[in-house]
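Q: Have a look; sequence and predicted model below, questions after that.
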Amino acid sequence: MMNKAFWGKSLIAAGLWLAFAAHAEPVNVNTADAQAIAAALPGIGPAKAKAIVDYRTQHGPFKAKEDLTQVPGIGDATLEKIKADVLLQDAGAKAAPAKK
């Protein structure tokens, strides 16, 4: 019979593996399609991902992560969940110089 410590460690390891496996790479919301956005952002399904793309198409690229709250269905709580996985430009790309 296996002891409680074994099962506790096994459950922790399984939980860590699931958390790691479920975590996708950050996504550039200014260039990604709806499918990539939905796959990368926790709590963002196909409908909200499409709303992000539609908003971007109508209003231009997002300048700040907080701009995502202008998308219908994305509020402050959702923004907090996804903020770490949101990119506004591709990794390694230089930001445009600030206008004077």
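A: Nice, thanks for sending it over.

Q: pretty sure residue 73 is touching residue 51, no?
A: Yes: with contacts counted by C-beta atoms under 8 Å, residue 73 reaches residue 51, the gap being 5.8 Å. Using the backbone N, CA and C atoms, a C-beta is placed for each residue, glycine as well.

Q: who has more neighbours, the two?
A: residue 51 (18 against 11; other C-beta atoms under 10 Å).

Q: Just list the residues touching the residue lying closest to residue 32 once chain neighbours are set aside, thanks.
A: Sequence neighbours aside, residue 40 is the residue nearest to residue 32 in space, at 7.4 Å (criterion: C-beta to C-beta, 6 or more residues apart in numbering). Counting by C-beta atoms under 8 Å, 6 or more residues apart in numbering, residue 40 makes contact with 24-27, 32, 85.

Q: pLDDT of stretch 90-100, averaged?
A: Per-residue pLDDT values over stretch 90-100 give a mean of 56.

Q: where along this structure do the strands fall?
A: Here the chain has its strands, by DSSP state E, at 27-28, 86-87.

Q: In CSV, list those strands along with mean pLDDT, distance to residue 59 and mean neighbour count.
A: Output for the strands of the chain, formatted as CSV (pLDDT from 0 to 100; distance: least, C-beta to C-beta, whole Å; neighbours: other C-beta atoms under 10 Å):
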stretch, mean pLDDT, distance to residue 59, mean neighbour count
strand 27-28, 97, 16, 20
strand 86-87, 97, 16, 19
